[in-house]
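# heads up, no residue letters with this:
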């Protein structure tokens, strides 16, 4: 238990669906992150939020839309996804952007 | 930009044997260095970190890692492996990315560890 929770743990969605992933951290951290982990690829950073402000968007397609209402919660809104978007989506948090990151258990997303 | 290389994709060791997982990085200065472990279907758990000071760092679960500046390496070691250590291990480098203009954490591709009983 790292203090970072993610829901749902598993999600199957069609390409025309809209769904959201949720992340919550109980560590009092100020920075939160979304990563994508695909088979045989390094972990890919998607978005970074620091004090609720988005500071990084690593050329992520607009069908992924992050939201950070406060320093403890992070959402990833999904719409019109493609099968290649199937992956494990990991949320992480850290005290500051240059501190060690703590990861949640991930959401296994399958796009059909 | 920094990069991380984990040369071994898959390593198999016998339970009780010693373990060394290799990690090399490329960066113009001394970065922050991390090792994470991931069990199947789980997130990443921080094993240990190096920011500065003593180049031999101790982590959780009996792991240690040594930073060697001359070799740009940060290898992970454990003297006696347990079956529960079977997992995937990721080395990561944290540094200021001059291109992005911000601090970036870059992960290696991971080394999968199998343990023979």
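Received, thanks. Keep in mind it's a predicted model, so treat the numbers as computed, not measured. Numbering: from 1, shown residues only, chains lettered A, B, ... in the order given.
# Dihedrals phi and psi, whatever residue of chain B ends up closest to chain A?
Closest contact between chain B and chain A, by C-beta to the nearest C-beta, is at residue B:43 (3.8 Å). Backbone N, C-alpha and C define where each C-beta goes, glycine included. Torsion angles at residue B:43 (phi, psi; degrees, to the nearest 10) stand at phi -80, psi -170.
# show me the contacts for it.
Residues counted as contacts of residue B:43 (C-beta atoms under 8 Å, 6 or more residues apart in numbering or on different chains) are A:2, A:4, A:6, A:90, A:92, A:103, A:104, A:105, A:106.
# Touching, the fifth one and residue A:105? I think so.
Translated: residue A:92. No - with contact defined as C-beta atoms under 8 Å, residue A:92 does not reach residue A:105; the gap is 11.2 Å.
# OK, contacts around residue 13?
Assuming you mean chain A. Contacts for residue A:13 (C-beta under 8 Å, 6+ apart) come out as A:19, A:78, A:81, A:109, A:110, A:111, A:112.
# wrong chain, I was asking about chain B
B:19, B:81, B:113, B:114, B:115, B:116.
# Against residue A:22, how distant is residue A:68?
Distance of residue A:68 to residue A:22, computed by C-beta to C-beta, to the nearest Å: 11 Å.
# list residues touching both of those two?
Shared contacts of residue A:68 and residue A:22, defined by C-beta under 8 Å, 6+ apart, comprise A:74, A:75.
# who's more crowded, these two?
Using other C-beta atoms under 10 Å in any protein chain shown, the more surrounded residue of residue A:68 and residue A:22 is residue A:68, with 21 against 16.
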